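Novice: Structure here, sequence nowhere to be found:
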């Protein structure tokens, strides 16, 4: 089974970069039989990287109403149905990109996509650093990623 | 397929404030607030964009050589444009003259960016309005609905050619999304003959896809009377602004290099300047309700959200470029440019095309040009030369400008003797357009919303007035949950929410 761990986000925008931070740690550690990629954009670019994999684990930041920074959620594509065609700085968002892939190149799309979405505190300040709460969440996220790809 | 849904039934609202938040398909979260008067007509409208803090502080004290990589990190949408403008700024900072091969490689790379960006905008962001209709249900009015309407094979061609644009950038720039190849005086690596041939093949295919896209635009938009009525609606989608864009020595469009030309409402050249002179030309206005500054032509002055000869508001991007240029250096783009010129002349237009929705037409012509130029550059076998780096001097201060897909992009850096950044100023394309976009939003809202009657379709038509600019406001933020597609919040005078209407 071909597995990809994909860290999504902007590494210079505080907590938005949490997925990239996680991807870099995992790449350094090295997970046998698993590819690790960073994706600093999340629109149609997503399709360029996920095609051909059986399973993709996406780590990204999320901002929910009343969410507690540093908590993380395990989500799948269905959880984003409401945000299909929703707003995104990249033209279309992740959910729309995946839905488009399933429509156009269904055979090459991963059978399973799991999102590990980390609640962000700061998505406004330009910084390479995560906030304390999100930084503290990383060990738990790493553990969860390991479980997903085991 | 059924025809596009142009109109829907407006519903009367008694409220004074209508909020569209977040704006759908805008590249960057933002919201529009529309304020109604006692008669239910539009008093004013504001496009608010998200804030990004601390960018300057982040860059000051860094080595200027890092800036092409750091500045492009600010944006997940057009990082390649930032990389190119930044690299050109470094040429100026280090007084470096890039080699001929390096210039070709940078431009070839950049044609990949245009191909990717213009395809994404036209098919994913603009086409839903034209293929499905501005008043089609929001859950259909998106790229998935477009694929349902035009068929999977066409959808596959769209995805394929957008990926070609990315691939070209990856081959030359080292990475598809955030390139790392620009250096003062050149680029970091040459390309092989095999890579050149691969790009040439992709470019040939992109030229064909450009032709297809122009034909689709003719069939879907130009041949549809209802759309042409929208496009030609001067109450809603028409600004007689100044225009700005980069041109070569013959005033032909050039995305990578040249002088910046400004024309007035009659098409007459009023300014032509070098990148280093931009501060003599552009001043910036500040409004209390938004963090983004609004540039205007210094010699004309700021007169508020109005256009005409006395207002310094100018427009950049595809419509700006097509209005400042005398055509294109490639045959197919030139042919379509002439067709556009003839079409608008037949419609009685003299001088620049002021019709805001004509941005879309200009964009598909530029897609054709980018593909043709990509093929020209990739067919030149000398582009594989190893002569990719020129000498450079001591760091000082410099300005780099290129045409981002969304418009004129300015990077300005100053360095100390050790190469550490002491000053940075950037005016990005959407900032250049911000005053015009806001003016367009006010104009469309006033023309389309009357007597307090609103509907999802009407509000989407307001959105169309700025979506055509392909605005990119975020240069960064993206939360995983895109949020609701379109939410209209009706508020009482005290600001509390009375009702909320979602169109999904």
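Specialist: Happy to help now that I have it. All figures in this text were calculated on a predicted structure; none of them were measured in a lab.

Novice: in chain B, what spans have low per-residue confidence?
Specialist: For chain B, applying pLDDT under 70 flags the ranges B:1-2, B:14-15, B:18-30, B:50-52, B:75-77, B:176-177, B:473-504.

Novice: can you pull the contacts of residue 131?
Specialist: Let's take chain A. For residue A:131, the contact set (CB atoms under 8 Å, 6 or more residues apart in numbering or on different chains) comprises A:14, A:15, A:69, A:120, A:121, A:122. In this view, the C-beta of every residue, glycine as well, is placed from N, C-alpha and C.

Novice: switch to chain B, that's the one I care about
Specialist: Residue B:131 is in contact with B:4, B:145, B:146, B:149, B:150, B:220, counting by CB under 8 Å, 6+ apart.

Novice: Regarding chain A, what is its longest helix?
Specialist: In terms of residue count, the longest helix belonging to chain A (DSSP state H) is helix A:132-149.

Novice: next one: that helix to chain centre, how far?
Specialist: From the chain centre to the centre of helix A:132-149 is a distance of 12 Å (CA atoms, centre = their mean, to the nearest Å).

Novice: again, but for stretch B:281-293
Specialist: 19 Å.

Novice: picking up where we left off before, show me what the longest helix of chain A is packed against.
Specialist: strand A:3-8, helix A:18-29, strand A:55-62, strand A:72-76, strand A:112-119 (3 or more CB pairs under 8 Å, 6 or more residues apart in numbering or on different chains; DSSP states H and E).

Novice: Could you grab the helix/strand/coil label for residue B:425?
Specialist: Of the three states, residue B:425 takes strand under DSSP: H, G, I helix; E, B strand; the rest coil.

Novice: which residues touch it?
Specialist: Counted by CB under 8 Å, 6+ apart, residue B:425 has contacts B:410, B:411, B:412.

Novice: same thing with residue A:98?
Specialist: Residue A:98 touches A:46, A:50, A:77, A:109, A:113, counting by CB under 8 Å, 6+ apart.

Novice: got it, and residue B:360?
Specialist: B:122, B:126, B:130, B:217, B:221, B:318, B:468.

Novice: For residue B:375, the count of nearby residues, please.
Specialist: 22 (other CB atoms under 10 Å in any protein chain shown).

Novice: my bad, should have said residue B:303
Specialist: Residues near residue B:303, counting by other CB under 10 Å: 14.

Novice: again, but for the one 5 residues further on
Specialist: Here the neighbour count serves as a burial measure; for residue B:308 (other CB under 10 Å) it reads 14.

Novice: check which helix or strand covers residue A:102.
Specialist: Taking DSSP states H and E as the definition, one finds residue A:102 inside helix A:94-104.

Novice: I'd like the distance from the closest residue to chain A within the stretch 101-250 of chain B to residue B:123, if you could.
Specialist: As assessed by CB to the nearest CB, chain A sits closest to residue B:142 within the stretch 101-250 of chain B, at 3.4 Å. Remark: distance between residue B:142 and residue B:123 (CB to CB, to the nearest Å) = 11 Å.

Novice: try residue B:145
Specialist: With CB to CB as the criterion, residue B:145 and residue B:123 are 12 Å apart.

Novice: now residue B:269
Specialist: From residue B:269 to residue B:123 the distance is 34 Å (CB to CB).

Novice: what does residue B:263 give?
Specialist: Relative to residue B:123, and taking CB to CB, residue B:263 is found at 30 Å.

Novice: Look at those two and report which has more neighbours.
Specialist: Neighbour count, other CB under 10 Å: between residue B:263 and residue B:123, residue B:123 has more, with 26 against 23.

Novice: Any stretches of chain A with poor pLDDT?
Specialist: A:42, A:81-91.

Novice: try it again with 50
Specialist: Residue ranges of chain A with pLDDT under 50: A:84-90.

Novice: Helices of the stretch 301-450 of chain B, start to end?
Specialist: B:318-324, B:331-346, B:359-379, B:429-448 (DSSP state H, counting those that start in this stretch).

Novice: And those: which comes nearest residue A:140?
Specialist: Nearest to residue A:140 among these is helix B:429-448; the distance by CB to CB comes to 37.8 Å.

Novice: hang on, the earlier thing: which positions in the longest helix of chain A come out as buried?
Specialist: Neighbour-count burial for helix A:132-149 flags A:133, A:134, A:137, A:138, A:141, A:142, A:144, A:145, A:148, A:149 (criterion: 16 or more other CB atoms under 10 Å in any protein chain shown).

Novice: what's the burial count for the closest residue to the first one other than its chain neighbours?
Specialist: Pointing back at residue A:133 there. Of all residues not flanking residue A:133 in the chain, residue A:70 sits nearest, at 3.7 Å (CB to CB, 6 or more residues apart in numbering or on different chains). The tally of other residues near residue A:70 (other CB under 10 Å) stands at 22.

Novice: next one: residue B:134
Specialist: 25.

Novice: Also residue A:33?
Specialist: 8.

Novice: ok, it touching residue A:54?
Specialist: No. Residue A:33 is beyond contact range of residue A:54, at 11.6 Å (criterion: CB atoms under 8 Å).

Novice: okay, and the common contacts of the two?
Specialist: Common neighbours of residue A:33 and residue A:54 (CB under 8 Å, 6+ apart) are residue A:3.

Novice: Burial check on residue 128, number of neighbours?
Specialist: Picked chain A for this. 14.

Novice: ah, no, chain B please
Specialist: For residue B:128, using other CB under 10 Å, the count is 27.
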